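A.B. asks: What shape does this take:
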Amino acid sequence: MDALPLVWLVAGSAVVAGIARRTPVPAPLLLVVVGLAVSYLPGVPPYGLDPHIVLPLLLPPLLYTAAVDSSYLDLRANARPVAMLSIGYVLFATLVVGWVAYLLVPGLPLSAALVLGAVVAPPDAVAATAIARRLRLPGRITTILQGESLVNDATAITAYKVALAAVVGESAGWAGGIAEFLLASVGGVGVGLLLMVPLHWLRTHLSSALLQNTLSLLIPFVAYAAAERVHASGVLAVVVVALYLGHRNWQVDFATRLQEEAVWKMVAFVLESVVFALIGLQLPVVLEGLGAYQGADAAWYALAVFLVVVAARFVWVLPAAFVPRLLSRRSRTRVPAPDDLSGKSAVVVGWAGMRGVVSLAVAFSIPLALEGGEPFPARNLILFLTFTTVIGTLAVQGLTLPVLIRVLRLPPPDAQQQTLMEAQAQNTASLAAESRLDELLEDPRNALPKPLADRLRTVLERRRNAVWERLGAVNAETGESADDTYRRLSREMIEAEREVFVDLRDKRRIDDEMLRTLLRRLDLEEAAAYRESAD
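C.D. replies: Numbers count the residues shown, from 1 in each chain. Below you'll find the predicted structure:
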């Protein structure tokens, strides 16, 4: 097996994603466009999208890293809008898109049209998270979009299985479809609930950060495979486990957290880049199998399905945002108003409906033929319409979403308010730590020389004052706060030490093993003194 195409795919995707960070173009869109262009270069091998690889091997880690970084408390506070989008909207879009396709395409069975509807119904978890993170949307909008994208794949995949069973003649009617949906959803949540506590216990009782992070990499695959084994939703199992572990991540030791953050950032970056590049690279595969559906008819079907997908989201989102508050006094008094910004939030949520790799992977999993040997009705057309819908939403909505946010003048998260909250929290924690230090130093067993005790107090005081200084005056010459200057000077000093250590190694006065020990010590000090802001 030639591994070179895979190496080129990963390396090329990472390069394009890195370039995207220096441009105003969202990385998902640039990766798709480059993938489209590269797919027709001479010598580029076909990159088929195998659902047996994408769904069990790429989807679990992407869902896991998105869910771990989500807030369980925020999602719980926004459970109603998240459920309305991740369950209600997906089922609504499945029916609407399926019905329109049935009326539009001559000879297309309704059951096959509903397969198409289920395939294109769920907005993509990766696209939603990547774009929301980059655009710095208001916190509640980001929470709703992330929460929707974590659950909607499970709804869509279950709806797809029900529609597919109807096509192949295995459907047990509406009752059977509802039963299968309940089994998948309740079963997926149940598997996640069963796994989350023992997995967390295992994480906290492993003695090595290396072993803990190895377990962390295995967890999404374990949860997904366990749920799928009992015909439940692997997506929901992964999300439940990840939300629990993320909520209790503070119980893991610091070394594990530091390693885990770096590892998962790298994994998410590589997988997200590869996923969107793969979408673009599917064009030759899709067009090759289009068959009889060529020319203007195929283009018209693609445009119609894309417009219906976009319109259906607004038809669902706008009433879903306001009607419950009109009908329920509890919603008006306990749930934050979705029209806090005069309906602007609902417009942004309605437009942020990019589709992605899950839709394509599910479409490619449609069987080539029915049990009797007859070809699956309009399979190639469903693949084509799925592909054009994914590309259309990523290009049109992904490219115009930043413009829409600027036009609507949605305020980004209030940086001053966030800093004030951070300062107040740090002050409360520092006072508790200072009180605990006083108690410890009263014990003769904890006796310390005064310089060392003062050093503990100085570190604590600097940590407490650092955040407050960001709210105050800055250096007129550099624009830095006192804490920024402190960290910069600390880094300069550490760099001077690092150069000396390397020079001593080069002169053979210390060996490489000692150099690594000394450099690691400096790295930890630099990390403590100079906290890099997250990308």
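A.B. asks: Remind me which helix or strand Ala429 belongs to.
C.D. replies: According to DSSP states H and E, Ala429 maps onto helix 415-442.
A.B. asks: Which neighbouring elements make contact with the following helix or strand past that helix?
C.D. replies: Going down the chain from helix 415-442, the next helix or strand is helix 450-471, by DSSP H and E. Contact analysis of helix 450-471 by 3 or more C-beta pairs under 8 Å, 6 or more residues apart in numbering; DSSP states H and E lists helix 415-442, helix 482-506 as its packing neighbours. Any C-beta I mention is one placed from the backbone N, CA and C, and that applies to glycine too.
A.B. asks: what about Pro46, which SS state?
C.D. replies: Pro46 falls in the coil class when you classify it by DSSP: H, G, I helix; E, B strand; the rest coil.
A.B. asks: What is the neighbour count of Val310?
C.D. replies: Neighbourhood size, Val310 [other C-beta atoms under 10 Å]: 18.
A.B. asks: before we move on, the earlier item: list the buried residues of the helix holding Ala429.
C.D. replies: By neighbour count with 16 or more other C-beta atoms under 10 Å, helix 415-442 contains the buried residues Ala423, Gln426, Ser430, Ala433.
A.B. asks: model confidence over that helix, on average?
C.D. replies: Mean pLDDT, helix 415-442: 76.
A.B. asks: do stretch 278-293 as well
C.D. replies: Stretch 278-293 shows a mean pLDDT of 78.
A.B. asks: Just the CA trace of that stretch, in PDB.
C.D. replies: In PDB, the C-alpha atoms belonging to stretch 278-293 read as follows (Å, rounded to 0.1, in the frame of the first residue of the first chain):
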ATOM      1  CA  LEU A 278     -11.200  15.700   1.300                       C
ATOM      2  CA  ILE A 279     -14.500  17.500   0.500                       C
ATOM      3  CA  GLY A 280     -12.900  19.400  -2.300                       C
ATOM      4  CA  LEU A 281     -11.100  16.300  -3.600                       C
ATOM      5  CA  GLN A 282     -14.400  14.500  -4.100                       C
ATOM      6  CA  LEU A 283     -15.400  16.400  -7.200                       C
ATOM      7  CA  PRO A 284     -14.000  14.000  -9.800                       C
ATOM      8  CA  VAL A 285     -15.500  11.000  -8.000                       C
ATOM      9  CA  VAL A 286     -18.900  12.600  -7.800                       C
ATOM     10  CA  LEU A 287     -19.000  13.900 -11.400                       C
ATOM     11  CA  GLU A 288     -17.700  10.500 -12.800                       C
ATOM     12  CA  GLY A 289     -20.800   8.700 -11.400                       C
ATOM     13  CA  LEU A 290     -23.400  11.300 -12.300                       C
ATOM     14  CA  GLY A 291     -24.400   9.400 -15.300                       C
ATOM     15  CA  ALA A 292     -27.700  10.400 -16.900                       C
ATOM     16  CA  TYR A 293     -28.200  13.500 -14.700                       C
END
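A.B. asks: quick one: contacts of it?
C.D. replies: The contact list for stretch 278-293 (C-beta atoms under 8 Å, 6 or more residues apart in numbering) reads 9, 31-40, 44, 46-49, 54, 298, 301, 356-357, 360, 378-381, 383-384, 387, 390-391, 394.
A.B. asks: The helices and strands packed on helix 450-471 into a markdown table, with extra columns for distance to Ser71?
C.D. replies: Shown next, in a markdown table, are those (distance: least, C-beta to C-beta, whole Å):
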| stretch | distance to Ser71 |
| --- | --- |
| helix 415-442 | 14 |
| helix 482-506 | 27 |
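A.B. asks: Quick one: closest of these to Glu526.
C.D. replies: helix 482-506 (5.0 Å; C-beta to C-beta).
A.B. asks: Who are the packing partners of the helix or strand following the closest one?
C.D. replies: Using DSSP H and E, the next helix or strand after helix 482-506 towards the C-terminus is helix 512-529. Helices and strands touching helix 512-529, by 3+ C-beta pairs under 8 Å, 6+ apart, are helix 482-506.
A.B. asks: Please name the nearest non-neighbouring residue to Ala527.
C.D. replies: Closest residue to Ala527 apart from its sequence neighbours, by C-beta to C-beta, 6 or more residues apart in numbering: Leu258 at 7.7 Å.
A.B. asks: So the one you found versus Leu85, what's the distance?
C.D. replies: Here the criterion is C-beta to C-beta, to the nearest Å. By it, Leu258 lies 35 Å from Leu85.
A.B. asks: Comparing those two, which residue is more hemmed in?
C.D. replies: Legend: neighbour count by other C-beta under 10 Å for Leu258 and Leu85, higher for Leu85 (28 against 14).
A.B. asks: which SS state does the more buried one fall under?
C.D. replies: Assigned by three-state DSSP, the conformation of Leu85 is helix.
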